[in-house]
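1. Next come a sequence and a model predicted from it.
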Amino acid sequence: MALHVRGRGLPDGEEVQWWIADGVLSAEPIGGADTVFGADGAGGWIIPGLVDAHCHVGLGPHGAVDLDEAVTQAEAERSAGALLLRDAGSPVDTRAFDDRDDLPRIIRAGRHLARPKRYSPGLPIDIEDESELPDAVAEQARFGDGWVKLVGDWIDRGIGDLAPLWSDDILKAAIDAAHANGARVTAHVFGEDALPGLINAGIDCIEHGTGLTDDMIELMVDHGTALVPTLINIENFPGIAAAAAKYPTYAAHMRELYATCKQRVGAAREAGVPIFAGTDAGGMIAHGRIADEIDALKGIGMSPTEALGAACWDARRWLGRPALEHGASADLLCFTEDPRVGGVNHPDLVILRGNIWR
């Protein structure tokens, strides 16, 4: 049966109507459609499905999970209205989910790429000789859905602090290899020192970015580099520091990065760095928390409309996925109350691939 929804769209607030048949949106009326939202003309709001741009389906607090648990994680995202996920590195192959109409769409970055003993055990592909990185990046580019994930920095136990994993020339060759294979590249970066090499090498996105300086912000603007700050995950930094008493320099560094995070990310926004919402769900963050990340983005100076856009229409444009348009997949949320003012966590309807899930 065809469906019909009516309400106001965002960000412009204009009245919209959509008809849905065979999982696809239509701007043209479809006879006999069942009006499932806005039938009484009382108003309401209709937006594209939310985007979690840093979400590890297949990863749990203790590492890789089985596919049944990964399904549960994806269902939690769907319930929260996150219908498009950029899986920024996962040890589990979830491509079988693409055939399921009940789970969010996933844009995969393949496996993290790191040096031995320079990331969480069991999660990355370890590159013994950094000269092998360009070939490994090309392989992950072919495996993924248009993204590759590098570990840009991590604690180096030899020096007791965060340090870059890769030399500048290798980064340039690796990122060039990804681009040649049609993929963009992002990197986990907590500290300051890894940023110049990554940005100058042409990286497309920085994850976390707590070490941003004014110079690096300017460089990101010049290169068009995006930022996914994962603000709710940064709240874990004090606990990470407390557990790192063996490495006092690193612990102090993590506390400093935590203390200045909002200021640094806010400065990046003011300068014009494109910023998108990602929770880092799957490790220390539970799935289904995109609304909390939207709220956190308001805390660095984004307006309610801007913060919602960073997890919705703007994020979809950045990722090359449609929002609400004729012929697009019917992935949308309907709200009785304005989702910009606290209601984003409670959609009245979740419609994924034309099916109602709430």
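-> All right, it came through fine.

2. going forward, measure contacts and count neighbours with C-alpha atoms only.
-> Will do.

3. can you pull the pLDDT of the residue lying closest to Ala245 once chain neighbours are set aside?
-> The shortest distance from Ala245 to any non-neighbouring residue, by C-alpha to C-alpha, 6 or more residues apart in numbering, is to Ala251 (6.8 Å). Ala251 is assigned a predicted lDDT (pLDDT) of 98.

4. Also Ile285?
-> In this model, Ile285 is scored at 96, pLDDT.

5. Not counting residues beside it along the chain, what's closest to it?
-> Closest to Ile285 by C-alpha to C-alpha, 6+ apart is Asn233, at 6.5 Å.

6. Can you give the contact residues for stretch 133-142?
-> With contact meaning C-alpha atoms under 8 Å, 6 or more residues apart in numbering, stretch 133-142 is reached by 109-111, 113, 127, 147-148, 170-171, 173-175, 177-178, 181-183.

7. same thing but 10 Å
-> Contacts with stretch 133-142, where a contact means C-alpha atoms under 10 Å, 6 or more residues apart in numbering, come from 108-115, 125-127, 130, 143, 146-150, 166, 170-185.

8. Give me the subset of those residues that lies in helices.
-> 143, 170-180 (DSSP state H).

9. By residue count, tell me the biggest helix in the chain.
-> Longest helix in the chain, counting residues (DSSP H): helix 248-271.

10. and that one, what does it pack onto?
-> Packing contacts for helix 248-271, counted by 3 or more C-alpha pairs under 10 Å, 6 or more residues apart in numbering; DSSP states H and E, involve strand 161-164, helix 214-223, strand 226-228, helix 231-234, helix 237-242, helix 290-298.

11. and of these, who's closest to Leu3?
-> Closest to Leu3 of those is helix 290-298 (C-alpha to C-alpha; 26.7 Å).

12. Buried ones in that closest one, by neighbour count?
-> 290-298 (16 or more other C-alpha atoms under 10 Å).

13. Now do the helix or strand just after that helix, average pLDDT.
-> Counting by DSSP states H and E, the next helix or strand C-terminal to helix 290-298 is helix 304-309. Helix 304-309 shows a mean pLDDT of 98.

14. for helix 304-309, packing partners?
-> So helix 304-309, by 3+ C-alpha pairs under 10 Å, 6+ apart, packs with strand 45-48, strand 50-52, helix 290-298, helix 313-319.

15. Of those, which is nearest Pro104?
-> Per C-alpha to C-alpha, nearest to Pro104 of the helices and strands packed on helix 304-309: strand 50-52, 9.7 Å.

16. Going along the chain from the closest one, find the next helix or strand for me.
-> Using DSSP H and E, the first helix or strand after strand 50-52 is strand 59-60.

17. That following strand: partners in the sheet, and parallel or antiparallel?
-> Applying DSSP bridges to the sheet, strand 59-60 is found paired with strand 63-64 (antiparallel).

18. which other residues reach the strand it pairs with?
-> 56-58, 70, 90-92, 120-123, 282-283.

19. Most neighbours out of the residues you listed, which is it?
-> Among the contacts of strand 63-64, Val57 has the most neighbours (other C-alpha atoms under 10 Å), with 33 neighbours.

20. That one: what's it in contact with?
-> 64-65, 67, 69-74, 77, 85-94, 106, 108, 280-283, 287.

21. Show me the shaky parts of this protein.
-> Where the chain drops to pLDDT under 70, the residues are 42.

22. Tell me the spacing between the residue nearest to the spatial centre of the chain and Ala286.
-> Central residue of the chain (C-alpha atoms, centre = their mean): Ala53, 1.2 Å from the mean position. From Ala53 over to Ala286 the distance is 15 Å, taken as C-alpha to C-alpha, to the nearest Å.

23. What of Ala194?
-> For Ala194 relative to Ala286 (C-alpha to C-alpha), the value is 28 Å.

24. Same drill for these two, tell me which one is more crowded.
-> Shown here are Ala194 and Ala286; by other C-alpha under 10 Å, Ala194 has more neighbours (24 against 17).

25. residue contacts, that one?
-> Ala194 makes contacts with 151-154, 162-168, 187-188, 211, as judged by C-alpha under 10 Å, 6+ apart.

26. What of Pro121?
-> Contacts of Pro121 by C-alpha under 10 Å, 6+ apart are 62-63.

27. Pull out the buried positions in stretch 301-320.
-> 301-302, 304-316, 319.

28. Nearest to Arg340, out of those: which one, please.
-> Pro304 (5.2 Å).

29. nearest residue to that closest one other than its sequence neighbours?
-> Arg340 (5.2 Å).

30. Run a quick neighbour tally on that neighbour.
-> Neighbours of Arg340 (other C-alpha under 10 Å): 18.

31. In a helix, it, correct?
-> Yes: assessed by DSSP: H, G, I helix; E, B strand; the rest coil, Arg340 belongs to a helix.

32. ok so, going back, put the buried members of the contacts of Ala194 into a ChimeraX selection.
-> Typed into ChimeraX, the line below selects the buried ones among those, using 16+ other C-alpha under 10 Å:
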select :151,152,153,154,162,163,164,165,166,168,187,188,211
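
33. That concludes my questions; thank you for your assistance.
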